[in-house]
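Asks: Pasted the sequence and its predicted model underneath.
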Number of protein chains: 4
Amino acid sequence: MATIRKSARSTHPAAERPHPDATRRSQRSRQAIYDAALALVGEVGYPKTTIEGIAARAGVGKQTIYRWWSSKAEVLLEAFLDLGEQAVQAQGQQEEPYAIPDTGDIAADLKAVLRATVDQLYDPKFEAPSRALAAEGLVNEQLGREFVAKLLEPSLQLHVDRLRAAQAAGQVRPEIDPRIALELFVSPLAQRWLQHTAPVSYAYTDTLVDYALYGLAPR
Amino acid sequence: MATIRKSARSTHPAAERPHPDATRRSQRSRQAIYDAALALVGEVGYPKTTIEGIAARAGVGKQTIYRWWSSKAEVLLEAFLDLGEQAVQAQGQQEEPYAIPDTGDIAADLKAVLRATVDQLYDPKFEAPSRALAAEGLVNEQLGREFVAKLLEPSLQLHVDRLRAAQAAGQVRPEIDPRIALELFVSPLAQRWLQHTAPVSYAYTDTLVDYALYGLAPR
Amino acid sequence: MATIRKSARSTHPAAERPHPDATRRSQRSRQAIYDAALALVGEVGYPKTTIEGIAARAGVGKQTIYRWWSSKAEVLLEAFLDLGEQAVQAQGQQEEPYAIPDTGDIAADLKAVLRATVDQLYDPKFEAPSRALAAEGLVNEQLGREFVAKLLEPSLQLHVDRLRAAQAAGQVRPEIDPRIALELFVSPLAQRWLQHTAPVSYAYTDTLVDYALYGLAPR
Amino acid sequence: MATIRKSARSTHPAAERPHPDATRRSQRSRQAIYDAALALVGEVGYPKTTIEGIAARAGVGKQTIYRWWSSKAEVLLEAFLDLGEQAVQAQGQQEEPYAIPDTGDIAADLKAVLRATVDQLYDPKFEAPSRALAAEGLVNEQLGREFVAKLLEPSLQLHVDRLRAAQAAGQVRPEIDPRIALELFVSPLAQRWLQHTAPVSYAYTDTLVDYALYGLAPR
DNA sequence: TCGTAAACGAGACGGTACGTCGCGTCTTTAT
DNA sequence: ATAAAGACGCGACGTACCGTCTCGTTTACGA
């Protein structure tokens, strides 16, 4: 089940890019490529990570990479997604893999989630590849959209869900659009982290939640 | 006069990087390099813009580029800054080149500024180089900080100023930190534009201002 | 019958290279490979003829080629030999397929044979593969010996035979070694053709025969 | 003088192939490439000699080879020609570098020259590159003609000269065409060596001269 | 006013990586 | 068991740029 669903998910449907026969694909090579890509990005950085280097480290021919991916960014994106899937599988098979806790106190819940997000953003395993992918996405719109759809939006959707619950509980005004609302606290954090515009601390994220919930104008 | 002042301003002080005699520098070449860099980024995109290409297009030896800059990102950053300066000079010699209008209505003023920002973000002359520089900055921290300091912060400071004025006028709570507050509406816009996470419209930016000022929680 | 004899003849005995069961070999594939190899050498030249290309054109798996031959030169050599056999079979079933005519006039007979040889050398069907095989043979001694033994020597032997007959008829000195003698007119032609050292004409080959028979020194 | 003439000779005139500025060419790299090419052909054989290998062994970028030559065959041809020139220069600056001796006895002189030729053909330094170039020339007509014009014909011309002297001395019939006549003894030797059609010995080349001078027919 | 030292254009050079092609091996599915 | 199909590890191809390094040639300064 889980296995089947996974292989169905992570194997590219033939429609996406014209692939050779995916059923004969070497899973050993694929995993080795993922590992090598993530390791190299972590060790030498994205710009110095080369397809040739990935192939060499994975013990794989270059053509095996070019056969299944169209750029090193695509490789890294899939490797990173795979990493996430494996992390999920490793920590148990809960039905709802990720969700924002709902203690009834929207402010507290959001602050907790943002603090966890900060931790993740500065986790070395996570930081190098996600910065690299984000950077590539800025300039390569196709990849950018893939990055957003596969990595960013699923996580943002959790915020939407929690905000809707808060609306139902009367803690957020009903006319508020949750998809926009979440950006009030998520985007500032994202920008500080991505662009180093200013330091990030728990105090900062807590403040963001407060400002967003209660606004800037006198009440 | 203008020429002299300009060259004094935008030439790096000798301390920053060990330069040859800057007084003998060819302004013709410098300008040709700026023009070529901006043109190429616009025409073929940042990744396909090469130093060799810039040199060829500018009719300049490669060494002339390597003598004065350390990477194509540095070239583009200076070229882009220079473009801004020239735009400023072209539109007149006002003392305070940029400032957010203060009509007394903070909401209206912010909405107007954000709408203007949207227009600028999607101006083709502006978009390609600034995306490219932003992308490079994500992965290259040194350049990222330069990008933020020279391009982003000056513009954010204007928001800080306007918010302080609003605080003085009692339209924004006094305990609010303006440097954080501005991110409530600026960062969401920046993220949507940079990462294509969602479309950007005047309605959207107006909404951002409203949410930010009055918060999400019932009043 | 014919088929069986043929396959027995042109299939390598198991001792030469360790073959799989030759009795189960697909004659369809074999012929398709021969046709493809000859066609490709004629169309794109020997260096651009590849095993992959032959397999694709023959509608055959690469392994089917590697199973039965050890190099593209071997394939071509066999294909070329097969072509010769088919030509022989096509033009009738005489017992002695080739022999130099013996009209009693050794000079006339040799001139006639050399003219026929010239025609064959510049026959497009013949030229491309035999040049290619000769070239490969220069550098690959094993193949060179095979080429000589299977293609060149049988034809030279006919000259030996005819020269011996001329010796019996008193038209050639008895102490002459026919195997060396034939080279006086065959090798110059071969070299002009192979190495483009000079043009080849009937007048030229006639002259060769005259010079060879009567020598350079005054009589 | 000698130096000037040499550099004028071995630098390609701009007409031959569209070269970059030949005056700025690195003679160090050129010589290193020649040395590497000849060494590799001798050590691993022509087919396993690669441009990449030559570049690596010469301590040179691949582009430096591609800038000045169009194929490994061209490199080897020039290297081989250069080797010859250096050999000539090394053994003294005689005006007439090569000529067939003229003792008055044409048979003896030709036998001596052919014996020397045999020695040269089986000299390891000479054999590998010249076989390789000959082989390439069979299949690549352009290179073949270059090979013939630059290496073969000059040497054949010496035979023409000696035969003309013999004609003047009445040792060769006046109506004989020396350019054809020389092939009677040169081509058979060439073919035996190139194609391994039969072994080569001094006795064999002596016989060739005798047969060629006095013919096959009874006198 | 004229050297003269710099910056300059041009581009050759040693390299690295690119993306492609073909090799020879191996595995899978079908006949 | 042979065959078609083709994925795989591998190595070389020929190209594009990198950043460094000469080369003359301007060019602007200070003697």
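Replies: Nice, I can see it. Numbering: from 1, shown residues only, chains lettered A, B, ... in the order given.

Asks: Pick out the residue of chain A closest to chain D.
Replies: A:Glu52 (14.3 Å; CB to the nearest CB). No exception for glycine: its C-beta is placed from N, CA and C like everyone else's.

Asks: The helix or strand harbouring that residue near chain B anywhere?
Replies: For A:Glu52, the enclosing helix or strand under DSSP states H and E is helix A:51-58. No. Counting by CB under 8 Å from any CB of the partner chain, chain B has no neighbours in helix A:51-58; the shortest distance is 14.6 Å.

Asks: how deep is whatever residue of chain A ends up closest to chain B tucked in, by neighbour count?
Replies: In chain A, the residue that lies nearest chain B is A:Gly215 (2.8 Å; CB to the nearest CB). Here the count is done by other CB atoms under 10 Å in any protein chain shown, and A:Gly215 has 24 residues near it.

Asks: Now do the strand or helix carrying A:Ser155, average pLDDT.
Replies: Counting by DSSP H and E, the element that carries A:Ser155 is helix A:153-168. Mean pLDDT, computed over helix A:153-168, is 97.

Asks: Stretch A:99-109 too?
Replies: 95.

Asks: Could you do stretch A:204-219 as well?
Replies: pLDDT averaged over stretch A:204-219 gives 95.

Asks: what separates it from the chain centre, distance-wise?
Replies: Computed by CA atoms, centre = their mean, to the nearest Å, the chain-centroid distance of stretch A:204-219 equals 26 Å.

Asks: go on, stretch A:30-49?
Replies: With CA atoms, centre = their mean, you get 17 Å for stretch A:30-49.

Asks: show me what contacts the residue of chain A closest to chain B?
Replies: When the contact criterion is CB atoms under 8 Å, 6 or more residues apart in numbering or on different chains, the partners of A:Gly215 are B:Tyr211, B:Ala212, B:Leu213, B:Tyr214, B:Gly215, B:Leu216.

Asks: and if we set it to 6 Å?
Replies: By CB atoms under 6 Å, 6 or more residues apart in numbering or on different chains, the contact list for A:Gly215 reads B:Leu213, B:Tyr214, B:Gly215.

Asks: So which of those residues sit within helices?
Replies: B:Leu213, B:Tyr214 (DSSP state H).

Asks: Format the contacts of A:Gly215 as TSV; extra columns: distance to A:Glu146.
Replies: Formatted as TSV, the contacts of A:Gly215 follow (distance: CB to CB, whole Å):
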residue	distance to A:Glu146
B:Leu213	35
B:Tyr214	36
B:Gly215	34
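
Asks: So for the single nearest residue of chain A relative to chain C, what's the pLDDT?
Replies: Nearest residue of chain A to chain C: A:Gln63, at 13.3 Å (CB to the nearest CB). Looking at A:Gln63, its pLDDT reads 98.

Asks: which SSE is it in?
Replies: A:Gln63 belongs to helix A:62-68, assigned by DSSP H and E.

Asks: tell me which residues in that helix are buried?
Replies: For helix A:62-68, the neighbour count (16 or more other CB atoms under 10 Å in any protein chain shown) marks A:Thr64, A:Ile65, A:Trp68 as buried.

Asks: Please pull up the helix or strand immediately following that helix.
Replies: helix A:72-90.

Asks: counting contacts, what elements does that following helix pack onto?
Replies: Applying 3 or more CB pairs under 6 Å, 6 or more residues apart in numbering or on different chains; DSSP states H and E, we find helix A:72-90 packed against helix A:27-44, helix A:124-139.

Asks: Distance check, the residue of chain A closest to chain B against B:Leu184.
Replies: The spacing between A:Gly215 and B:Leu184, counted by CB to CB, to the nearest Å, is 9 Å.

Asks: and if you look at A:Ala22?
Replies: Going from A:Ala22 to B:Leu184 by CB to CB gives 46 Å.

Asks: Neighbour count for the two, which is higher?
Replies: B:Leu184 (25 against 12).

Asks: Tell me which residues touch the more buried one, please.
Replies: B:Leu184 neighbours (CB under 6 Å, 6+ apart): A:Leu184, A:Tyr211, B:Ala212.

Asks: I'd like those written out as CSV, with distance to A:Leu151 added.
Replies: Supplementary listing: the contacts of B:Leu184 in CSV, determined by distance: CB to CB, whole Å:
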residue, distance to A:Leu151
A:Leu184, 21
A:Tyr211, 26
B:Ala212, 26
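
Asks: of all the residues you listed, which comes closest to C:Arg164?
Replies: A:Leu184 (106.6 Å; CB to CB).

Asks: Just the buried residues of the host helix or strand of the closest one, please?
Replies: According to DSSP H and E, A:Leu184 maps onto helix A:178-195. Judged by neighbour count using 16+ other CB under 10 Å, the buried positions of helix A:178-195 are A:178, A:180-195.

Asks: and it, how far from the chain's centre?
Replies: 14 Å.

Asks: Tell me what angle it forms with helix A:153-168.
Replies: 130 degrees (axes from the mean of the first three to the mean of the last three CA atoms, to 10 degrees).

Asks: Would you mind naming what in chain A lies close to chain B?
Replies: A:46, A:131-132, A:134-135, A:138-139, A:144-145, A:148, A:172-173, A:176, A:180-181, A:183-184, A:187-188, A:190-191, A:194-197, A:207, A:211-219 (CB under 6 Å from any CB of the partner chain).

Asks: the domain parsing of chain A - what is it?
Replies: As given by automatic domain parsing, the domain ranges for chain A are A:25-97, A:106-214.

Asks: closest to C:Ser155 out of these?
Replies: Checking the domains of chain A against C:Ser155 by CB to CB gives domain A:25-97 as the closest, at 45.0 Å.

Asks: what about the closest one, distance to the chain center?
Replies: 15 Å.

Asks: do that domain and DNA strand E meet?
Replies: Yes. Judged by CB under 7 Å from any atom of the strand, domain A:25-97 comes into contact with DNA strand E at A:Lys48, A:Thr50, A:Ile51, A:Glu52, A:Gly53, A:Gly61, A:Lys62, A:Gln63, A:Tyr66, A:Ser71, A:Lys72.

Asks: Mark which of these are buried, thanks.
Replies: Buried among the residues of domain A:25-97 next to DNA strand E (16+ other CB under 10 Å): A:Ile51, A:Gly53, A:Lys72.

Asks: and the gap between the nearest residue to the second one once chain neighbours are set aside and A:Ile33?
Replies: Same thing as A:Gly53. Nearest non-adjacent residue to A:Gly53, counting by CB to CB, 6 or more residues apart in numbering or on different chains: A:Leu40, 5.7 Å away. According to CB to CB, A:Leu40 and A:Ile33 sit 11 Å apart.

Asks: what about those two, which has more around it?
Replies: Between A:Leu40 and A:Ile33, A:Ile33 has the larger neighbour count (other CB under 10 Å), namely 26 against 22.

Asks: for that one, what are its contacts?
Replies: A:Ala58.

Asks: Cool, thanks, signing off.
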